[in-house]
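**Q** sequence unknown, structure follows:
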């Protein structure tokens, strides 16, 4: 009989805090970038339930490969927000000395091997990591986070095929945020185009167990992720999760914007606080508000307890912003440090 994985009260509290860390960090990035960052960046708002729940199902020895939409994964795994923001701003005290920036931000201490801004670039690296982990004969697994557009790349199919052929300990997490997004035809950020009726048909075609889940439902994502991780550790080969979310309005334009404003947690239980052009998304699809609403309705946390967690998280972000802005830009003389030739 399959084990049913449910979150404990402790995990529910930790998961909410992780989601709030992700959300408040991205809001801080957006507010800071306006005056202190030049270049493109991506925000993870609207997808926190997926990343937080998958990370909750992982162990400390597991390895992660992620994408250009990487801030949430890095913060959710426990990276210090100060050096994370400093790196995004290209400052010397960032995790990568200001050289990785937002698109290649990574933290090895949190188990991240790489962030690849190349669409699908992390999938092949995760399979390589899975091969190494299998050779090491331990129980650790590798995890590849990627968007739905990555499945249009040849490396995705090749990687899925090899992972299945060699029964590698790899969890593929496809974060499909194309729901409700008209794409380039409407002047918005492109959506994926794939001949497969369902994206999970692609991994299933090469014998990989695959499931779809509501990516805005943290509890549902955790149950599927924990089950998949346990099966991989038991030697049953790779697994694939497609987490579907309705794209956050702020990620629809080519340049991200805080289209839904700063998140007001009180709106989770007071619909009168929700208004504006994107009220429907906030009310029906915001994973953070959905999680807060669930915890209150199920009597897992009181509103006052949630407010206390949020105040602590906001304080952490204020300190992170101060640290990052106080960090200097790298010295010009250091430009060639860390290069091969």
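**A** Here it is on my side, so go on. All figures in this text were calculated on a predicted structure; none of them were measured in a lab.
**Q** mind listing the helices for the stretch 51-200 of the chain?
**A** 71-76, 81-88, 121-136, 154-165 (DSSP state H, counting those that start in this stretch).
**Q** To residue 244, which of these lies closest?
**A** Residue 244 lies closest, by CB to CB, to one member of the helices of the stretch 51-200 of the chain: helix 71-76, at 16.6 Å. Placement of C-beta: from N, CA and C, glycine included.
**Q** Distance from the closest one to the middle of the chain?
**A** Remark: helix 71-76 is offset 6 Å from the chain centroid, using CA atoms, centre = their mean, to the nearest Å.
**Q** which residues are contacting it?
**A** Residues from elsewhere that reach helix 71-76 (CB atoms under 8 Å, 6 or more residues apart in numbering): 18-19, 21-22, 25-26, 29, 42-44, 47-48, 51-52, 55, 64, 66, 81, 84, 88, 102, 105-107, 110, 112, 115, 145.
**Q** and what of stretch 300-320?
**A** The contact list for stretch 300-320 (CB under 8 Å, 6+ apart) reads 9, 12-13, 16-17, 20-21, 24-25, 27-28, 80-82, 84-85, 265, 269, 292, 294-296.
**Q** do the same with stretch 130-140
**A** Residues from elsewhere that reach stretch 130-140 (CB under 8 Å, 6+ apart): 59, 61-63, 141-142, 163, 166-170, 233, 238.
**Q** Can you name the two of those residues that sit furthest apart?
**A** 59 and 166 (21.6 Å).
**Q** of these two, who's got more company?
**A** Between residue 59 and residue 166, counted using other CB atoms under 10 Å, the more crowded position is residue 166 (14 against 11).
**Q** and the residue nearest to residue 313 when sequence neighbours are not counted, how many residues sit next to it?
**A** Excluding the flanking residues, the one nearest residue 313 by CB to CB, 6 or more residues apart in numbering is residue 20, at 4.6 Å. Neighbours of residue 20 under the rule other CB under 10 Å: 25.
**Q** Tell me who's in contact with residue 20.
**A** The contact partners of residue 20, taken as CB under 8 Å, 6+ apart, are 288, 309-310, 313.
**Q** Could you list which of these belong to helices?
**A** Those of these mapping onto helices are 288, 309-310, 313, per DSSP state H.
**Q** between these, which has the most around it?
**A** Neighbour counts for the ones in helices among the contacts of residue 20, by other CB under 10 Å, peak at residue 288, which reaches 26 neighbours.
**Q** Look up the pLDDT of residue 336 for me, please.
**A** Looking at residue 336, its pLDDT reads 86.
**Q** Need phi/psi at it.
**A** Main-chain dihedrals, residue 336, degrees, to the nearest 10: phi -90, psi 0.
**Q** Can you tell me the element residue 240 falls in?
**A** For residue 240, the host element (DSSP states H and E) is strand 239-246.
**Q** Give me the angle between that strand and helix 154-165.
**A** Interaxial angle of strand 239-246 relative to helix 154-165 (axes from the mean of the first three to the mean of the last three CA atoms, to 10 degrees): 140 degrees.
**Q** Who are the packing partners of strand 239-246?
**A** In this structure, strand 239-246 makes packing contacts with helix 48-56, strand 170-179, strand 209-214, helix 218-233, helix 279-285, judged by 3 or more CB pairs under 8 Å, 6 or more residues apart in numbering; DSSP states H and E.
**Q** Past the second one, which element shows up next along the chain?
**A** Taking DSSP H and E as the definition, the helix or strand that follows strand 170-179 towards the C-terminus is helix 201-204.
**Q** Any buried residues in that following helix, and which?
**A** Within helix 201-204, the residues that count as buried by 16 or more other CB atoms under 10 Å are 202-204.
**Q** Could you do stretch 107-115 as well?
**A** Under 16+ other CB under 10 Å, the buried positions of stretch 107-115 are 107, 110-115.
**Q** Mind checking the pLDDT average for it?
**A** 94.
**Q** Between the two ends of that stretch, what distance do you get?
**A** One end of stretch 107-115 to the other measures 9 Å (CA to CA, to the nearest Å).
**Q** now do stretch 154-174
**A** By CA to CA, one end of stretch 154-174 lies 15 Å from the other end.
**Q** That stretch: which residues count as buried?
**A** Per 16+ other CB under 10 Å, stretch 154-174 contains these buried residues: 155-157, 159-164, 168-174.
**Q** Check stretch 319-330 too.
**A** Using 16+ other CB under 10 Å as the test for burial, stretch 319-330 gives 320-321, 323-324, 327, 330.
**Q** do stretch 138-146 as well
**A** By neighbour count on 16+ other CB under 10 Å, the buried set for stretch 138-146 is 140-146.
**Q** Any chance you could list what contacts stretch 89-104?
**A** Against stretch 89-104 from outside (CB under 8 Å, 6+ apart): 32-33, 36-37, 39-42, 68, 70-71, 79, 82-88, 105-107, 114-117, 323-325, 327-331, 334, 337-338.
**Q** Poorly predicted segments of the stretch 51-200 of the chain, please.
**A** The stretch 51-200 of the chain contains residues with pLDDT under 70 at 181-191.
**Q** partners of the residue lying closest to residue 70 once chain neighbours are set aside in the sheet?
**A** Here the nearest residue to residue 70 in space, its sequence neighbours aside, is residue 115; by CB to CB, 6+ apart that works out to 4.6 Å. Note on residue 115: beta-bridge partners by DSSP bridges are residue 66.
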